[in-house]
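*Asks:* Got a predicted structure here, sequence first:
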Amino acid sequence: MDIQQVIQFIWPLILIQVLFQIYALVDLTVIKKRQTKNLTPVIWILIIVLGEIIGSALYFLLGRSEE
């Protein structure tokens, strides 16, 4: 497997990850107007950005307010 095949396989996964992070950040800051459970919005932003796809998933599972 050469580098070009690896890149062709990985770039869609990276795109999905980035889109998921953007959706989580938009949901946190715009749609929900900073209403979160457990932690402050600033901490959730750090978790989403630094935690990549796992951080975004944690936000939707644990931090998103049901309101």
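*Replies:* Nice, I can see it.
*Asks:* residue ranges of the helices in the chain, please?
*Replies:* Along the chain, counting by DSSP state H, helices occupy 3-26, 41-50, 52-58.
*Asks:* Which one, of those helices, ends up nearest to residue 35?
*Replies:* The closest of the helices of the chain to residue 35 is helix 41-50. By C-beta to C-beta, the value is 8.5 Å. All C-beta spots, glycine's among them, are computed from the backbone N, C-alpha and C.
*Asks:* List of residues touching that closest one?
*Replies:* Residues from elsewhere that reach helix 41-50, judged by C-beta atoms under 8 Å, 6 or more residues apart in numbering: 21, 24-25, 28-29, 34, 36, 39, 55-56, 58-59, 63.
*Asks:* and which of these is nearest to residue 12?
*Replies:* Comparing those against residue 12 with C-beta to C-beta picks out residue 21 as the nearest, at 15.1 Å.
*Asks:* how many neighbours does that closest one have?
*Replies:* Residue 21: 18 surrounding residues under other C-beta atoms under 10 Å.
*Asks:* do residue 41 as well
*Replies:* The local packing count at residue 41 equals 15, with neighbours defined by other C-beta under 10 Å.
*Asks:* Would you enumerate the residues in contact with the residue lying closest to residue 20 once chain neighbours are set aside?
*Replies:* Across the structure, with C-beta to C-beta, 6 or more residues apart in numbering as the measure, the residue nearest residue 20 apart from its sequence neighbours is residue 56 (4.8 Å). Taking C-beta under 8 Å, 6+ apart, we find residue 56 in contact with 20-21, 23-24, 48.
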